[in-house]
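Student: Predicted model, plus sequence, below.
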Amino acid sequence: MMQAQFDPTARQAIANTAVDAKTRKGLSWQQIADASDLSVAFTTAAVLGQHPLPEPSAKAVAELLGLDEDAALLLQSVPTRGSVPGNIPTDPTIYRFYEMLQVYGTTLKALVHEQFGDGIISAINFKLDVKKVADPEGGERAVITLDGKYLPTKPF
């Protein structure tokens, strides 16, 4: 039976333990995702406390990281989502996403509504991908794909 967590501290503690184990074992998020048999973005979000893992994935991740059975059970629970406490994020990487939404949020909203109508882009029926590509002007670029199902607003 699926269980829900209402206090994010339990999942945060498991996330801290998992990241410590990942570091000690020299593992990448992709290696952990390979063990879970799920995407790297979903697995990373789950281990960091934002999604529940299916039982086989939770057990495989716990085993790879050397976590106990209680941790494997907790990895299967529905978390209290939201990984950025407070109002404005202070971590520079997370802040840049906040900044992008501050600058382009209204543009994204205008374009989505013009093309799809009134509604939202789901963060539940959602895929995320991050790729590193060469920049033709030198260096590297980050290509981030946010792929969410469009859910129209339905009058009632």
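Tutor: Right, received. Where do you want to start?
Student: quick one: contacts for the residue nearest the centre of the chain?
Tutor: Taking C-alpha atoms, centre = their mean as the criterion, residue 45 is the residue nearest the geometric centre of the chain, at 3.2 Å. Going by C-beta atoms under 8 Å, 6 or more residues apart in numbering, residue 45 touches 51, 128. No exception for glycine: its C-beta is placed from N, CA and C like everyone else's.
Student: next one: residue 119
Tutor: If you count contacts by C-beta under 8 Å, 6+ apart, residue 119 has them with 113, 150, 151, 152, 153.
Student: where's the fourth one relative to residue 146, distance?
Tutor: So that's residue 152. According to C-beta to C-beta, to the nearest Å, residue 152 and residue 146 sit 18 Å apart.
Student: again, but for the last one
Tutor: Using C-beta to C-beta, residue 153 is found at 20 Å from residue 146.
Student: before we move on, what about the first one?
Tutor: As judged by C-beta to C-beta, residue 113 and residue 146 stand 16 Å apart.
Student: The strand ranked longest in the chain pairs with which strands, parallel or anti?
Tutor: In the chain, taking DSSP state E as the definition, the longest strand is strand 119-134. Take DSSP bridges as the rule and strand 119-134 pairs in its sheet with strand 140-152 (antiparallel).
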